[in-house]
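Trainee: My questions concern the predicted model and sequence given below.
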Amino acid sequence: MTKHLTLSVLTIALLFLSGCGDNDKQTTCTPENLLSINDSPTHFVHQKILGGDTTDTEYSSSTHAFSQPAKNLTPELLELHLTGDANFETNPNGFGPVFNHTNCDACHQRDGRDSLPVLLGEKEYLSNYIVKDKNGWYKLNDEGTFLRISIENGAKDKNATNCWGAPVPVPNFSDQLFHRGVYGVRDSNNTGAGQADVWMKYEYKNVTYPDGTTVTLSKPIFGVDNPYDAPDNPNEYNPIKVEANATSRLFRPDVKMGPRIGMPMIGLGLLNAIPEADILALADMNDSDADGISGKPNWVCDKEKYDKCSEAGNCDTNPPISLGRFGWKANTPTVAHQGLGAMRGDMGVTNPLFKHESTNGTDLMNTYKADNIGFTTYEDSGITDEDEEFALPVVVYSETLSVPPRRDVNDSDVQQGAMEFEALGCVKCHNPSFTTASEYHSYGVHGERIQALENQKIYPFTDMLLHDMGEDLADGRADFDATGSEWKTRPLWGIGATQIINPGAGFLHDGRAKTLEEAILWHGGEAQTIKENFMKLSKTKRDRVIKFLNSL
């Protein structure tokens, strides 16, 4: 399935839908009817198996549907996968001294999405821990939510000085705000605090459909205070006016912050195995076909390539740039880069790919090292917190989780919803299928070949590209080639099982959408027209689209 639908396919689909989806004159659409419209058995409307031979068909509606190994692993790789599974759920060595969470599973519950906190009414204290202050702000603690931070980078060229276009870390902080810390990293008034406190509350707005139906949308808003370089009252959110002479570097006007929430782990190796040329074939940066959709690749600094060209001394002539595939803004190129970067970035755990603490050289780290003589970094000892024996299985585990099969594939409402999804144009970004490469190697000195991921027909429903999603979803923070309003198209496979895995999970980059309907209603930018056309559908047809999404 390519980005560009032909007019004839769209016309036929729309004619079909007008005949089967009318609210008042509904006729039954059977699988046979659908086959008469599109008789290809590979069309996504009929597909139950989304991950090719990796799919374990026994787990479609289980709370552990995202936690199954690829069905076709060799015994040796299965053993490595299971070792990685244990490591994924274990607090690794050396986390901290500042961090956001203590193990991988904490941000990817049962390998799915995390959830925003449930605010506990007006209750202010819970076991001496501040839950809410008097103005309704909730202080984040062990949720799988954090803030990316950086300063605006005016440089247009990609070179070694800006890590080929990477966001610039906030001086004396890092490129991620660590709101938790080990004992002793802050004073006794701030036990458990990290670089700063992060507070959250919700704001709400109503969206009304043309038929009069109203949906209330919620959006988390985040506030930061009590930074270590300008400490404040840790029990109350005290917003600080951002101005050029702000005491903390964190509050200068050039600092950009963007919330992130843990995303599902399924199918990552399959996405990693999609041939680059097939992704680039879907790009249309200048919207040459004038359909309003302009998918854009994100070219990012590749740490694996960087280590090799640094050793060879030829990074200037052989720049370590790769196609971004992972992260909310496609800002990392491989599963290893994403996973081991998170190990260092989210937990403060250095490893063979990311050997240096992201907070090295900050006043907070220097003070902590001076006060804790036994604490050493890679610069001091030449030893990382975790070695390849721990890290490699985590990467292989992350690459080889099975994508669960679809549910209710033969339900006529689901099938009609699939055709609506296509007729609306959702497939222009949520490209249904790819075929993976004929050879795939994992990260590490061993370069494990994972044949289970090779030559697989997969249905992830993503083009792996960036799209401008409008101001409502913008965080204003650029990331390599991604602007502050651009996001990577999220794969939709497994999305219907998200709240089976974690009933409190939300959708979109900050978890704001409690339902798939809400997620659609937040779409803007390149998706604005498609969203508006969805809203013009009858409630019956809208429900069918949601039912299709829930079948994935």
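Mentor: Perfect, I can see it now.
Trainee: For Tyr138, which residues count as its bridge partners?
Mentor: Beta-bridge pairing for Tyr138 (DSSP bridges): Lys132, Met200.
Trainee: How about Glu486?
Mentor: With DSSP bridges as the criterion, Glu486 is bridged to Asp468.
Trainee: same check, this time on Lys205
Mentor: On the basis of DSSP bridges, Lys205 is bridged to Leu217.
Trainee: That one is in contact with Val215, isn't it?
Mentor: No - using CB atoms under 8 Å, Lys205 is not in contact with Val215; the gap is 9.7 Å. C-betas here are computed from N, CA, C, even on glycine.
Trainee: who's in contact with the nearest residue to Gly447 once chain neighbours are set aside?
Mentor: Excluding the flanking residues, the one nearest Gly447 by CB to CB, 6 or more residues apart in numbering is His441, at 4.7 Å. Counting by CB atoms under 8 Å, 6 or more residues apart in numbering, His441 makes contact with Gly447, Glu448, Arg449, Ile450.
Trainee: Apply 7 Å and report the result again.
Mentor: Gly447, Glu448, Arg449 (CB atoms under 7 Å, 6 or more residues apart in numbering).
Trainee: between Lys205 and Val215, who's got more neighbours?
Mentor: Between Lys205 and Val215, counting by other CB atoms under 10 Å, Val215 is the more crowded of the two (15 against 11).
Trainee: the strands in the stretch 301-450 of the chain, which residues?
Mentor: Counting by DSSP state E, counting those that start in this stretch, the stretch 301-450 of the chain has strands at residues 321-323, 434-435.
Trainee: As CSV, the ones you listed with distance to Gly258, mean pLDDT and mean neighbour count would be great.
Mentor: CSV is the format used below for those (distance: least, CB to CB, whole Å; pLDDT from 0 to 100; neighbours: other CB atoms under 10 Å):
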stretch, distance to Gly258, mean pLDDT, mean neighbour count
strand 321-323, 21, 97, 18
strand 434-435, 28, 98, 19
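Trainee: for the ones you listed, which one sits closest to Phe44?
Mentor: Closest approach to Phe44 among the strands of the stretch 301-450 of the chain (CB to CB): strand 434-435, 11.8 Å.
Trainee: what's the offset of the closest one from the middle of its chain?
Mentor: Relative to its parent chain, strand 434-435 has a centroid offset of 21 Å by CA atoms, centre = their mean, to the nearest Å.
Trainee: do stretch 539-549 as well
Mentor: With CA atoms, centre = their mean, you get 25 Å for stretch 539-549.
Trainee: quick one, which of the strands of the stretch 301-450 of the chain is nearest to Ile500?
Mentor: strand 434-435 (25.5 Å).
Trainee: Could you tell me the average pLDDT over stretch 112-127, please?
Mentor: Averaging pLDDT along stretch 112-127 yields 63.
Trainee: who's in contact with Glu236?
Mentor: By CB under 7 Å, 6+ apart, the contact set of Glu236 is Asp133.
Trainee: same thing but 10 Å
Mentor: Glu236 sits next to Glu124, Ile130, Asp133, Lys134, Asn135, Trp137, Lys139, Asp197, Trp199, Asp225, Asn226 when contact means CB atoms under 10 Å, 6 or more residues apart in numbering.
Trainee: For Asp197, see how far away it is.
Mentor: Glu236 is 10 Å from Asp197, where distance means CB to CB, to the nearest Å.
Trainee: Give me the common contacts of those two.
Mentor: Shared contacts of Glu236 and Asp197 (CB under 10 Å, 6+ apart): Ile130, Trp137, Lys139, Asp225, Asn226.
Trainee: For Met263, state which of the residues you listed is nearest.
Mentor: Set against Met263, the nearest of the shared contacts of Glu236 and Asp197 by CB to CB is Lys139 (23.5 Å).
Trainee: Would you confirm that the closest one contacts Asp197?
Mentor: Yes - in terms of CB atoms under 10 Å, Lys139 counts as a neighbour of Asp197; the distance is 5.8 Å.
Trainee: Between the two, which has more neighbouring residues?
Mentor: Between Lys139 and Asp197, counting by other CB under 10 Å, Asp197 is the more crowded of the two (28 against 23).
Trainee: how about that one, phi and psi?
Mentor: With angles defined as degrees, to the nearest 10, Asp197 sits at phi -90, psi 140.
Trainee: and the residue nearest to it when sequence neighbours are not counted, what does it touch?
Mentor: In space, and not counting its chain neighbours, Asp197 is closest to Asn226: 4.4 Å by CB to CB, 6+ apart. Residues in contact with Asn226 (CB under 10 Å, 6+ apart) are 139, 179, 186, 189-190, 193, 195-199, 232-238, 240, 248.
Trainee: Also Gly84?
Mentor: Neighbours of Gly84 in contact, by CB under 10 Å, 6+ apart: 69, 104, 339, 390-401.
Trainee: what about it, helix or strand, and which?
Mentor: Using DSSP states H and E, Gly84 sits in helix 75-88.
Trainee: could you give the mean pLDDT of that helix?
Mentor: Averaged over helix 75-88, pLDDT sits at 95.
Trainee: Alpha carbons of it, in CSV - could you do that?
Mentor: Output of helix 75-88 as CSV, limited to C-alpha atoms (Å, rounded to 0.1, in the frame of the first residue of the first chain):
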residue,chain,number,x,y,z
PRO,A,75,15.8,-21.6,20.8
GLU,A,76,19.0,-19.7,21.2
LEU,A,77,17.4,-16.3,20.5
LEU,A,78,14.4,-17.2,22.7
GLU,A,79,16.8,-17.8,25.6
LEU,A,80,18.4,-14.4,24.9
HIS,A,81,14.9,-12.8,24.7
LEU,A,82,13.9,-14.3,28.1
THR,A,83,17.1,-13.1,29.7
GLY,A,84,16.4,-9.6,28.3
ASP,A,85,12.8,-9.9,29.7
ALA,A,86,14.2,-10.4,33.2
ASN,A,87,16.7,-7.5,32.7
PHE,A,88,13.9,-5.3,31.4
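Trainee: For the residue lying closest to Asp363 once chain neighbours are set aside, what are phi and psi?
Mentor: Computed as CB to CB, 6+ apart, the closest residue to Asp363 that is not its neighbour in sequence is Asn172, at 5.9 Å. When read as degrees, to the nearest 10, the backbone of Asn172 gives phi 70, psi 10.
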